[in-house]
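*Asks:* dropping a prediction and its sequence here:
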Amino acid sequence: MITELERIRAARAALAHLTTLAPACAEALHALTVYYGPADALDKLVSPKTSQELRDECAGAMTIKQLHTQIRTVDNATQASGARVLIPEDKNWPQRLDDLTQVTYCAASAAAMCLWVRGTDEPITARTVAVCGSRAATPYGTTIAADLTRDLAAAGWTTATTSGYGISAAAIRGALTTEARVVVVLAGGIDIPHPHNLRGLLTQVTGNHGLLATAYPPGTTPTRARATTATRLLAGMTSGTVLVEAAHASTSLAAIEEAVLLGRHAMVMPGPVTSATSTGAHQALRDHRAARLVTSGSDVLTELAHIR
């Protein structure tokens, strides 16, 4: 017989999987989960006493048999991936990350039902800062990102970033050179490293006391929309976000927007006014009065000095 904690863990994974399968039903499923709690909400969906109308609304017209099939599918995929499912009820749930069942639906993008993780089981504490920016970064940007992560590590902070070329890859490499822990938030399933050419770098993360984390179940293909959501989740699990280079339509701008919405520290590294890869970053400073201009790791640490 499974424990209540494991029952909740399985239910949260299944609900996250259903949300990915039927995104149009996400708001209705969220409301059901908030009302009943994860385990009871899933029981409600698979109960013969529940109307098919409710299942249609919350799970995309799946039958009870189809729901049971999907529950088994995500459980089997999780086991095959070698990932752990981390839930808000766990002691090592990220300290700053909201439980999706405890927030309104409009705040859902910066919260999670659960996380699929691989790597260290050490908690993601409040002393974690996000570093994000352009995939098509300049040498200036990658140097700034790598130096920043080294400065943060020297001061006892953990760097978190997304998986991608440019600023994210530079931040990861900067942390690895100092053997500092880094958290990487993925835009798809944990069994689909993306971009493919960074697979070796991501393997180094888990081999160096780091962590790969995603709100998407195994088998989920990364997309631009999911990359934007992962960027918002990144802001949600950290105490502050630093933007290093971003073009006008960069997905990384979502992290600054989310940090401002959450009342977290939003910081922007300026670039040359003639550089297209900094136009979005400069616009973020104009658009968000709460965003702070920083020019060094020392500036970032000053902004975050009150966090213990």
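*Replies:* Thanks, I have the structure now.

*Asks:* so Ser252 makes contact with Ala171?
*Replies:* No: with contacts counted by C-beta atoms under 8 Å, Ser252 stays clear of Ala171, the gap being 11.4 Å. Using the backbone N, CA and C atoms, a C-beta is placed for each residue, glycine as well.

*Asks:* what touches both of those two?
*Replies:* Residues touching both Ser252 and Ala171 (C-beta atoms under 8 Å, 6 or more residues apart in numbering): Cys132.

*Asks:* let me see the ranges of the helices in the stretch 151-300 of the chain.
*Replies:* In the stretch 151-300 of the chain, the helices defined using DSSP state H, counting those that start in this stretch lie at 167-177, 199-206, 224-236, 253-262, 279-287, 297-303.

*Asks:* just checking, what packs against the third one?
*Replies:* Meaning helix 224-236. Counting contacts by 3 or more C-beta pairs under 8 Å, 6 or more residues apart in numbering; DSSP states H and E, helix 224-236 packs against strand 111-112, strand 128-133, strand 158-162, strand 182-185, helix 253-262.

*Asks:* what's the neighbour count on Asn76?
*Replies:* Asn76: 11 surrounding residues under other C-beta atoms under 10 Å.

*Asks:* make sure it is indeed in a strand.
*Replies:* No: according to DSSP: H, G, I helix; E, B strand; the rest coil, Asn76 belongs to no strand; its state is helix.

*Asks:* give the contact list for it.
*Replies:* Contact analysis of Asn76 by C-beta under 8 Å, 6+ apart lists nothing.

*Asks:* mind checking the SS state of Ala16?
*Replies:* What three-state DSSP gives for Ala16 is helix.

*Asks:* next: the one 3 residues further on.
*Replies:* The local conformation at Thr19, judged by three-state DSSP, is helix.

*Asks:* so what's Thr302 up against?
*Replies:* Neighbouring residues of Thr302 by C-beta under 8 Å, 6+ apart: there are none.

*Asks:* confidence score at it?
*Replies:* Confidence at Thr302, expressed as pLDDT, is 96.

*Asks:* what distance do you get for it to Ala10?
*Replies:* 44 Å (C-beta to C-beta, to the nearest Å).

*Asks:* not counting its neighbours along the chain, what's nearest Thr279?
*Replies:* Distances taken as C-beta to C-beta, 6 or more residues apart in numbering place His248 nearest to Thr279, at 5.0 Å, with adjacent residues excluded.

*Asks:* counting neighbours, what do you get for the one you found?
*Replies:* Neighbour tally, His248, other C-beta under 10 Å: 13.

*Asks:* what about the helices in the stretch 1-150 of the chain?
*Replies:* Taking DSSP H, counting those that start in this stretch as the criterion, the stretch 1-150 of the chain carries its helices at 4-21, 26-36, 38-46, 52-59, 64-81, 139-154.
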